[in-house]
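return a 3D structure for these sequence lines:
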Amino acid sequence: MMKPESVKLYLDLLKKTLSYSLWQEPPVPITLFNETRSLFKWAAVLMLSRALATRDLVVMKRRHLTDYQRSNGQIWPLYADTMIGMRRLDQLQSAVETVLAEGIEGDFIETGVWRGGACIFMRAALAAYGDEDRSVFVADSFAGLPEPDSRACPADRDSIFHRIPYLAVSREEVERNFAKYGLLDDRVIFLQGWFRDTLPTAPIGKLAILRLDGDMYGSTMDALENLYPKLSPGGFCIIDDFFLGPCRLAVEEYRLAHGIDEEIRIIDSCSAYWRKTVEE
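Numbers count the residues shown, from 1 in each chain. Next up is the predicted model:
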């Protein structure tokens, strides 16, 4: 285990590296988020980009981002390994350190990992603090978000996340990201597939940190129904997309149905968490 000051320096540098906070965000290709534009703008950008591609040219767009936006994870970054921002990384570090200090039983999991940054950080923190028992579960389809099922989950009917290739990161890329930080080992456990298929039979006994980043009602509810009962008293339930309407609705309905009244604490403009106080 590292010395306390070394742990602090290592984890601080890792957070800045994972979030790309040490560097300015570069311009992005105008095609990157084209799926979110109106049909007319989508077609115009597509035609322009195809015409320029014949000459090996790409149009880039400069983004004017504030420190607040970057710190609060309000952007979709080009090079970062996580999009959750420094404030959510700080909270995640605090959660890890708390469960280790208090001996809260259980492994860690994130449902919806993108490029893997938050899971990489959790595995790094375990290594830095010398914990050799806990595992980090990495749950994702590794193929983007599911198409909305408006019949089963009416709150998701307007979701367009499934149409955005940027959100689809392969398992191979996430594994490479773990490896480049020296953190890919047998205590990093991948759960590949839709949450409704993988989480009910996941080999998880107890959890100390449950981090949900599924964006949608259905994904959030699948994670809560299958994993929250495994969260140990004193464990953290972190909702990355708490202020997205469908996600928040799923959280509120689940809490109401199960009589969960622990205080919800706001992390930043996107996310929140609470600590489980009783066994359910």
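
and the longest strand seen in the chain, what does it pack onto?
As assigned by DSSP state E, the longest strand anywhere in the chain is strand 231-239. Contact partners of strand 231-239 among helices and strands, from 3 or more C-beta pairs under 8 Å, 6 or more residues apart in numbering; DSSP states H and E: helix 85-102, strand 207-212, helix 245-257, strand 272-275. All C-beta spots, glycine's among them, are computed from the backbone N, C-alpha and C.

what about those, which gets the closest to F161?
helix 245-257 (10.2 Å; C-beta to C-beta).

give me the buried positions along the longest strand of the chain.
L231, S232, G234, G235, F236, C237, I238, I239 (16 or more other C-beta atoms under 10 Å).

the stretch 101-250 of the chain: helices as residue ranges?
Taking DSSP state H, counting those that start in this stretch, the helices of the stretch 101-250 of the chain run over residues 117-128, 171-180, 195-198, 217-227, 245-257.

picking up where we left off before, angle of the longest strand of the chain against strand 207-212?
Taking axes from the mean of the first three to the mean of the last three C-alpha atoms, to 10 degrees, one finds that strand 231-239 is oriented at 20 degrees with respect to strand 207-212.

my guess is T277 contacts D261. True?
No - using C-beta atoms under 8 Å as the test, T277 is too far from D261 to be in contact (9.1 Å).

one step back: what's the closest of the helices and strands packed on strand 231-239 to A43?
helix 245-257 (28.3 Å).

tell me the mean pLDDT over stretch 104-117?
Here stretch 104-117 scores 98 as its mean pLDDT.

check which residues of that stretch are buried.
104, 106-117.

quick one: end-to-end length of that stretch, please.
23 Å (C-alpha to C-alpha, to the nearest Å).

next one: stretch 140-153
19 Å.

ok so, going back, identify all contacting residues around the longest strand of the chain.
Contact with strand 231-239 is made by 91-92, 95, 98-99, 102, 104-106, 206-212, 220, 228, 247-248, 251, 267, 271-279, as judged by C-beta atoms under 8 Å, 6 or more residues apart in numbering.

which intervals of this protein have sub-threshold pLDDT?
Low-confidence segments of the chain, defined by pLDDT under 70: 1-2, 279-280.

most remote residue from the middle of it, which is it?
For the chain, the largest distance from the centre (C-alpha atoms, centre = their mean) belongs to R55, which lies 37.4 Å off.
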